[in-house]
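Peer 1: Can you look at this prediction? I've put the sequence above it.
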Amino acid sequence: MTFTWLFSLQGIVPVFVTGLGERWLPLGIVTLVTFGVSWVIYQIFLSPLANIPGPFLGKILPSIVQPAYRNGRMFRHSMENHRRYGPMVRLGCNTVSFIDFPTIQQIYQSYEFIKAPIWYQGFEMFGEGFFTTARADFHRKRKRVILPAFTLRALRVMEKSIIQFGPVNLITGDPPGDATEGAVVNIYHTLTLLSADVITELTLGKSVQLLSRGSHPITEWFHATTRLVVIFNVFPFLKGARWGFRELRGLLQDFEDYVSSCIQERRQRLQQEPPAEKESSRGPSGRLVPDILGNLILSVDPDTGEKLTDQELKCETISLLFGGSDTVASTMSTVLLQLFRNPHVFTRLQEEIITTFPKTVKAMGIDYETIRHQIPLMEAVISETLRIMPSSPGTFWRTVPAGGRVLFNHYLPAGTEVGGAAAAYHIGPEWSDPMVFNPDRFLGVAGEKSYPRVYTFSLGPRQCLGRALAFREISLILVTLFRFFEISILDEEELNKQWLHFVTLRPHDKQLNIAVKPRPGFIV
Ligand code: HEM
């Protein structure tokens, strides 16, 4: 048997001719070329999407195999194409992207347009879960059990853990805690470790303490999982196969075992711990504890009385770990970048922080309720950063349901992938002076108009569940950083370097170097 490598679409879709003898090879090539030419003719002239504007490659290739996805430039690619072709662009042969807000609302405001499997199915190697499911009834049912862990009251109970593993960890950490005058810190790295420390405390019941320990296998498990998710998104049939990717699968197994052991430990501790706070109105257990995992273990479906099984807990915990780590780290770094680029806003924010916490000498003295009410500029800065530079700048792809739908005056057949392009939309015609960093658009009366038009956390029933947690965590960490340290950007190059987008945004070299100088008079 001969295996001949004929061609490869950017190395992702290898095509093999199997079992063809030398004699039949020319026939194989002719067949493939004929297929290829017919495919291109169909996509450009005959497909129901043929009249939608877009780049040539976009018209003939599925979006997931396009080079821009692999080199971290997809959000830029989408922005450039929207600038060039308008609010509706065909970015893949079966994929249409929008930046028109009514259309974005139409797609996301209900369960009608389900998550497009090709972007989510890889993650289902952990089982069907809240984040990945395409089934509305499954999602509604699971949400009833998960939501109590994200209510305002639950977040208040969690605040101490957030402060302990966020702000306290930051000022005792190494760096910047031990920074001497003018020390240089790669703050992107620090904030990435810090957000991992917080989210593991919340979702595993014990922090991996990367900032103080320096390493933990979870970093490798994260990389292995991300790689397998990408592979299984493109080749879902490999998920069940017993062969291939032995090393990655081994790491995944270690990860799952570790998460299972955390669940067992947390369950045992819950039996010994006294309740942190009683919540009278929700859930038969009525008990809230200072971490998400503990609350998920205790939570009961109010309609059926069911609890999550260990397998379900594992699946949900892993997606929350992924959903709540890099997104938060990336947002904190982009907020810093925007503040360095806009020093007048930075000065104003620092002044408000120092006036609000003039005598605070410990990170524990800074609380979220005070920040929210007395320094509304902090949240406005976060929102404006997420608008002008969203940490998840891509498109959250959905599928047109059976029967097809009319979107933006075009009929799109069932199965077409559609979505709103987060980065392109937020600098589009919907916003006045979109390229100007202006947090005031999120303050007062202006804010009431702006917030409903923000799409950085998606919209509707599948919007981000962790939004309030993210704001609380980011605000607490950054206010602590600004209260206890004087920071400045190292040089101009740091401000202008390229940021890449894989799942979230990050500096191309994973560095954002700043100079740090502790302010006098704080106590670790
Ligand atoms: C600034 C930080 C964050 C950003 C920008 C962000 C953004 C998003 C976006 C855009 C989605 C929709 C994704 C899609 O439809 O494919 C989403 C969903 C989700 N996020 Fe976040 N997220 C952030 C932080 C968090 C945190 C801290 C958590 C929790 C620990 C979290 C948990 C979730 C969950 C569970 C979903 C799935 C919701 C569903 O399918 O119903 N996120 N997030």
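Peer 2: Perfect, thanks for sending it. Quantities reported herein were computed from a predicted structural model and do not represent experimental measurements. Residues are numbered from 1 along each chain as shown.
Peer 1: part of a helix, is residue 163?
Peer 2: Yes: counting by DSSP: H, G, I helix; E, B strand; the rest coil, residue 163 is found in a helix.
Peer 1: quick one: it and residue 366 touch, right?
Peer 2: Yes: counting by C-beta atoms under 8 Å, residue 366 is a contact partner of residue 163 at 7.5 Å. (Each C-beta comes from the backbone N, C-alpha and C, glycine too.)
Peer 1: overlap in contacts of those two?
Peer 2: Both residue 163 and residue 366 are in contact with residue 476, where contact means C-beta atoms under 8 Å, 6 or more residues apart in numbering.
Peer 1: So if I had to pick from the two, which one is more boxed in?
Peer 2: Per other C-beta atoms under 10 Å, whichever of residue 163 and residue 366 has more neighbours is residue 163, with 25 against 21.
Peer 1: measure the more buried one to residue 57 for me?
Peer 2: 48 Å (C-beta to C-beta, to the nearest Å).
Peer 1: before we move on, what about residue 132?
Peer 2: In this view, residue 132 and residue 57 are 28 Å apart by C-beta to C-beta.
Peer 1: Between the two, which has more neighbouring residues?
Peer 2: Shown here are residue 132 and residue 57; by other C-beta under 10 Å, residue 132 has more neighbours (22 against 16).
Peer 1: I'd guessed the more buried one sits against residue 125; true?
Peer 2: No: assessed by C-beta under 8 Å, residue 132 is found out of contact with residue 125, at 9.7 Å.
Peer 1: What ranges in the stretch 301-450 of the chain fall below the confidence cut-off?
Peer 2: Nowhere does the stretch 301-450 of the chain drop to pLDDT under 70.
Peer 1: Tally up the residues packed near whichever residue of it sits closest to the ligand, please.
Peer 2: In the stretch 301-450 of the chain, the residue that lies nearest the ligand is residue 324 (2.7 Å; C-beta to the nearest ligand atom). Number of residues near residue 324 (other C-beta under 10 Å) recorded here: 24.
Peer 1: what do you get for residue 193?
Peer 2: 23.
Peer 1: next SSE after the strand or helix carrying it?
Peer 2: Counting by DSSP states H and E, the element that carries residue 193 is helix 187-204. As assigned by DSSP H and E, the chain's next helix or strand after helix 187-204 is helix 210-213.
Peer 1: residue contacts, the residue positioned nearest the centre of the chain?
Peer 2: The chain has residue 327 as the residue nearest its centroid, 4.4 Å off, counting by C-alpha atoms, centre = their mean. By C-beta under 8 Å, 6+ apart, the contact list for residue 327 reads 391, 392, 466, 470, 504.
Peer 1: how about 6 Å then?
Peer 2: Residue 327 makes contacts with 391, 504, as judged by C-beta atoms under 6 Å, 6 or more residues apart in numbering.
Peer 1: Quick check: the gap between it and residue 437.
Peer 2: Applying C-beta to C-beta to residue 327 and residue 437 gives a distance of 20 Å.
Peer 1: Now stretch 322-337: buried residues?
Peer 2: For stretch 322-337, burial by neighbour count (16 or more other C-beta atoms under 10 Å) applies to 322-337.
Peer 1: Then stretch 292-305?
Peer 2: In stretch 292-305, the ones that count as buried by 16+ other C-beta under 10 Å are 292, 293, 294, 295, 296, 297, 298, 299, 300, 301.
Peer 1: ok, the last one touching residue 145?
Peer 2: In this case it means residue 301. Yes: at 5.1 Å, residue 301 counts as touching residue 145 under the criterion of C-beta atoms under 6 Å.
Peer 1: overlap in contacts of those two?
Peer 2: With C-beta under 6 Å, 6+ apart, residue 301 and residue 145 have no common neighbours.
Peer 1: which one is residue 386 nearest to, not counting chain neighbours?
Peer 2: With sequence-adjacent residues excluded and distances taken as C-beta to C-beta, 6 or more residues apart in numbering, residue 386 is closest to residue 456, at 4.2 Å.
Peer 1: list the contacts for the one you found?
Peer 2: Listed by C-beta under 6 Å, 6+ apart, the contact set of residue 456 reads 386, 390, 422.
Peer 1: filter those residues to the buried ones?
Peer 2: For the contacts of residue 456, buried by 16+ other C-beta under 10 Å: 386, 390, 422.
Peer 1: Just confirm residue 77 is within a helix.
Peer 2: Yes: counting by three-state DSSP, residue 77 is part of a helix.
Peer 1: what about it, how many neighbours?
Peer 2: 22.
Peer 1: From the ligand, how far off is it?
Peer 2: In this view, residue 77 and the ligand are 18 Å apart by C-beta to the nearest ligand atom, to the nearest Å.
Peer 1: Kindly report the same for residue 286.
Peer 2: From residue 286 across to the ligand, the span is 23 Å (C-beta to the nearest ligand atom).
Peer 1: same deal with residue 257?
Peer 2: 22 Å.
Peer 1: List the contacts of that residue.
Peer 2: The contact partners of residue 257, taken as C-beta under 6 Å, 6+ apart, number zero.
Peer 1: Helix or strand: which one has it?
Peer 2: Residue 257 is part of helix 246-272 when elements are defined by DSSP H and E.
Peer 1: What residues of that helix count as buried?
Peer 2: Using 16+ other C-beta under 10 Å as the test for burial, helix 246-272 gives 248-249, 251-252, 255-256, 258-259, 262-263, 266-267, 270.
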